[in-house]
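Student: any chance you could fold what I've pasted below:
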Amino acid sequence: MIASTELEIRMKPKESDDLDESVLNNVQESSNPDVVDNDKFNLKRDQWSSKLDFILACVGCAVGLGNIWRFPYLCYKNGGGAFLIPYIICLVTCGLPLFMMELALGQYMRIGNVETWARLIPAFKGIGIASFVVTFQMNIYYIIILAWAAYFLVMSFTSTLPWSHCNNAWNTDWCFTQLNVTPVINVPSVLANESTQGKTVDAVIEFWERKVLHISGGIDEPGNIVWELAVSLLVIWILVYLCVCRGVRVSGKIVYFTALFPYVIITILLIRGVTLDGARDGIYFYLKPDFSRLLDPQVWVDGGTQIFFSYVLATGVVTTLSSYNKYRNNFYRDCFIIATFNSCTSFYGGFAVFSVLGFMAKEQNVTVSEVAKSGPGLVFIAYPKAITKMPISPLWAVLFFFMILLVGFDSQFVAVEALLAPIIDAFPQYLYRKRNRMILTAVYCVVTYFLGLSMLTEGGMYVFQLFDYYSASGLVLLWICFFEAVVVSWVFGEERFQEAAEMMIGRRFPCWFFMCWKYIIPVITSAIFIFSIVSFKPLTYEKTYIYPRWAQAIGFCMALVSMSCIPVVFIYTLITTRGTLRRRWQIIFTPLLQTHQISVKE
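Tutor: Numbering: from 1, shown residues only. Presented below is the predicted three-dimensional model:
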């Protein structure tokens, strides 16, 4: 329970918010051995220098590659405009309430994600650890996309795009470049056998697979490191380090560019796209409503999982970012601003993508469905191919890949901050010092860089897909979100959380949010989780290469490592707590809120 002195101090009206903050931070609980008196170290935890810094950081993190390469494809695939119905329903019932909850928790606890859950309900510290593991795995593979994009960007600074012709050393006899010829195969050249000989392979595909990836025959053929990509990854990690090493006061200024400038480029690409021949057909396919698709459960699953991915829920990122806010910050308003930016960007970006895909379909004399792709296939094959037929194609290639870099870059360095924050908060007397923080950040970036090299070998693409498919999959995020909603609404309790909101912003949560946290989110996440398991399909590459069983087993272990944290930590906490079983149960389910204001000094 909240200490009565702290509750009285919080609830008492103040003439100055700064005075209120200082009083709150001086509340002491000397009986708790975990409390660190940072006053004697002359240390303080970082804070956003302005409210706009925080909003743009959240926008930059939430508006990621999924808005560009996943949402438009899902919208087209699942009934066009009709897909907006399950998307909006999942947003209102799951995405927005969970996003609001994580914002409120971070601002209320004002500490890293792991310690937030440890102090909220000690028995469920595993929720924070599970999010920590997911973020760690995600930081290893997500940045690989930026390394690919950076390589494409460098190769775009030429008078003739190298993927626009077949006169390169890496091209084979089956290479073709005419847009009016439909490619017959789309398999890695090393996987081609006698039955595929004599059939054509697109020049863009050969550039992607033979020049960029140097792709091998499978995950069991790792081959050598592609050093061009290794250098590209090194440059990206150096930039990430420079953004993160000095804390949120510096990274909060960088997001002004990385979060806002992509909108300028998307707008430029949209204007160019809608002027192309066939753009109308592409946009029509993107939005054409097919309400019969709403009867397919997969459509609702796609809508729900897209919300969890897009709003970076269950990763600890949102909680960490909001923990740097002032205690009285209006997170309620921020939630709706960020959500509006995120969802509108997904919808807006779809017009830019499908206008170009419509042009490509027109040139090839095929339907949009035959050129529409999701994921890396859109960014590194479909879109670059369409660019080759635009006037001044290198210019559009530079703009496109620069946008991809910016969209992914702020998501990456914000996720790195979310991973470092729990470590820094665990050792404030050492790591709140700028010099020590910079050393920790450098060590982490170096270690993660070398781990990422496994995805830049000739078999690295298979490793990348294994990470992407399992480590931060929908199953993992659904599992964590289920426990977040249940623990906050049922274990921590509605009245406690309402009091917390009232202390911070002077108002309580609407009843709708607690209905979602208590009933709707647990039901929806459970239903999607079960359906995803029942309809699970083993991972393949381009529908031609089937991963071996040992690789699939490694993928399952990646998912289980994070998912098992919640039950394992629960059992460990129960066993290691002293006292009778009843006393242990009482202790691990009692919130430790009386100390959360002490170890984070303004």
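
Student: for the protein, which spans come out with low pLDDT?
Tutor: 1-43, 178-199, 593-602 (pLDDT under 70).

Student: show me the residue at the heart of it, geometrically.
Tutor: Per Cα atoms, centre = their mean, the C-alpha nearest to the average position across the chain is that of Val312, at 4.6 Å.

Student: confirm that residue sits in a strand?
Tutor: No. Assigned with DSSP: H, G, I helix; E, B strand; the rest coil, Val312 falls outside any strand and is coil.

Student: so how far is Leu120 from it?
Tutor: Val312 sits 20 Å away from Leu120, going by Cβ to Cβ, to the nearest Å. For glycine as for every other residue, the C-beta is placed from the backbone atoms N, C-alpha and C.

Student: with Tyr462 instead?
Tutor: Counting by Cβ to Cβ, the gap from Tyr462 to Leu120 is 39 Å.

Student: can you tell me the SS state at Asn168?
Tutor: Assignment for Asn168 (three-state DSSP): coil.

Student: my guess is it contacts Phe207. True?
Tutor: Yes. The pair Asn168 and Phe207 qualifies as a contact (Cβ atoms under 8 Å) at a distance of 7.5 Å.

Student: which of the two has more neighbours?
Tutor: Applying other Cβ atoms under 10 Å to Asn168 and Phe207 shows that Phe207 carries more neighbours, namely 27 against 14.

Student: mind checking how far the more buried one is from Val368?
Tutor: 23 Å.

Student: with Asp173 instead?
Tutor: With Cβ to Cβ as the criterion, Asp173 and Val368 are 30 Å apart.

Student: who's more crowded, the two?
Tutor: Using other Cβ under 10 Å, the more surrounded residue of Asp173 and Val368 is Val368, with 22 against 9.

Student: didn't the more buried one look like it was pressed against Val356?
Tutor: No. Assessed by Cβ under 8 Å, Val368 is found out of contact with Val356, at 10.6 Å.

Student: who touches both of these two?
Tutor: The contact sets of Val368 and Val356 overlap at Gly282 (Cβ atoms under 8 Å, 6 or more residues apart in numbering).

Student: identify the contacts common to Asn168 and Phe207.
Tutor: With Cβ under 8 Å, 6+ apart as the test, Asn168 and Phe207 both reach Pro162.

Student: using PDB, list the CA coordinates for the host helix or strand of Tyr430.
Tutor: Using DSSP states H and E, Tyr430 falls within helix 428-431. What follows is helix 428-431, C-alpha atoms only, in PDB (Å, rounded to 0.1, in the frame of the first residue of the first chain):
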ATOM      1  CA  PRO A 428      22.300   4.800 -10.100                       C
ATOM      2  CA  GLN A 429      25.300   5.600  -8.000                       C
ATOM      3  CA  TYR A 430      27.500   4.600 -10.900                       C
ATOM      4  CA  LEU A 431      25.600   4.800 -14.100                       C
END
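
Student: name the helices or strands packed onto that helix?
Tutor: For helix 428-431, the elements it packs on are helix 434-452, judged by 3 or more Cβ pairs under 8 Å, 6 or more residues apart in numbering; DSSP states H and E.

Student: and the helix it packs on, how far out from the chain middle?
Tutor: Computed by Cα atoms, centre = their mean, to the nearest Å, the separation of helix 434-452 from the middle of its chain amounts to 20 Å.

Student: and it, what's buried?
Tutor: 437, 440-441, 444-445, 448-449, 452 (16 or more other Cβ atoms under 10 Å).

Student: stretch 330-338 now?
Tutor: 330-332, 334-335, 338.

Student: same question for stretch 345-357.
Tutor: Residues of stretch 345-357 classed as buried by neighbour count (16+ other Cβ under 10 Å): 345-347, 349-357.

Student: one more: stretch 489-504?
Tutor: For stretch 489-504, by 16+ other Cβ under 10 Å, it's 489, 492, 494, 497, 499-501, 503-504.

Student: got a list of contacts for it?
Tutor: For stretch 489-504, contacts defined as Cβ under 8 Å, 6+ apart pick out 2, 10-11, 104, 107-108, 120-121, 123-124, 327-329, 331-332, 488, 507-509, 514, 517-518, 589, 591.

Student: buried members of the residues you listed into PyMOL, please.
Tutor: To isolate the buried subset of these in PyMOL, counting by 16+ other Cβ under 10 Å, use the following:
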select buried, resi 2+10+104+107+108+120+121+123+124+327+328+329+331+332+488+508+509+514+517+518+591
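
Student: before we move on, back to that, ok, the buried residues of stretch 489-504 vs Tyr432, which is closest?
Tutor: Set against Tyr432, the nearest of the buried residues of stretch 489-504 by Cβ to Cβ is Met504 (23.4 Å).

Student: what ranges do the strands span in the stretch 451-600 of the chain?
Tutor: For the stretch 451-600 of the chain, the strands defined by DSSP state E, counting those that start in this stretch cover 540-541, 545-546.

Student: can you tell which of the ones you listed is closest to Tyr151?
Tutor: Nearest of the strands of the stretch 451-600 of the chain to Tyr151, taken as Cβ to Cβ: strand 540-541 at 19.9 Å.

Student: what packs against that closest one?
Tutor: Using 3+ Cβ pairs under 8 Å, 6+ apart, strand 540-541 sits against helix 460-466.

Student: name the helices or strands packed onto the helix it packs on?
Tutor: Secondary-structure packing of helix 460-466 (3+ Cβ pairs under 8 Å, 6+ apart): helix 125-155, strand 540-541, helix 549-563.

Student: now the last one against helix 125-155, angle please.
Tutor: Right, the one you point to is helix 549-563. Between helix 549-563 and helix 125-155, the angle comes out at 120 degrees (axes from the mean of the first three to the mean of the last three Cα atoms, to 10 degrees).

Student: possible to save the buried residues of helix 434-452 as TSV with distance to Ala279?
Tutor: Shown next, in TSV, are the buried residues of helix 434-452 (distance: Cβ to Cβ, whole Å):
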residue	distance to Ala279
Arg437	48
Leu440	49
Thr441	44
Tyr444	44
Cys445	42
Thr448	40
Tyr449	41
Gly452	37
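
Student: what sits against the spatially closest residue to Thr388 that is not a sequence neighbour?
Tutor: Of all residues not flanking Thr388 in the chain, Ser164 sits nearest, at 4.0 Å (Cβ to Cβ, 6 or more residues apart in numbering). Taking Cβ under 8 Å, 6+ apart, we find Ser164 in contact with 177, 203, 388, 393.

Student: and the residues you listed, which of them are in helices?
Tutor: 203, 393 (DSSP state H).

Student: just the contacts of Ser164 now: which is nearest Ile238?
Tutor: Taking Cβ to Cβ as the measure, Ile238 lies nearest Ser393 of the contacts of Ser164, at 29.6 Å.

Student: OK, contacts around that closest one?
Tutor: By Cβ under 8 Å, 6+ apart, Ser393 lies in contact with 161, 164, 387.

Student: mind listing what's buried in the helix holding Tyr430?
Tutor: Neighbour counts over helix 428-431 (16+ other Cβ under 10 Å) mark 428, 431 as buried.

Student: just give me how far that helix sits from the chain centre.
Tutor: Between the centre of helix 428-431 and the centre of its chain there are 28 Å (Cα atoms, centre = their mean).

Student: and for stretch 322-340?
Tutor: From the chain centre to the centre of stretch 322-340 is a distance of 19 Å (Cα atoms, centre = their mean).

Student: if we can go back for a sec, of all the buried residues of stretch 489-504, which comes closest to Thr525?
Tutor: Thr525 lies nearest to Ser489 out of these, by Cβ to Cβ, at 12.9 Å.

Student: that's all I had, so thanks and see you.
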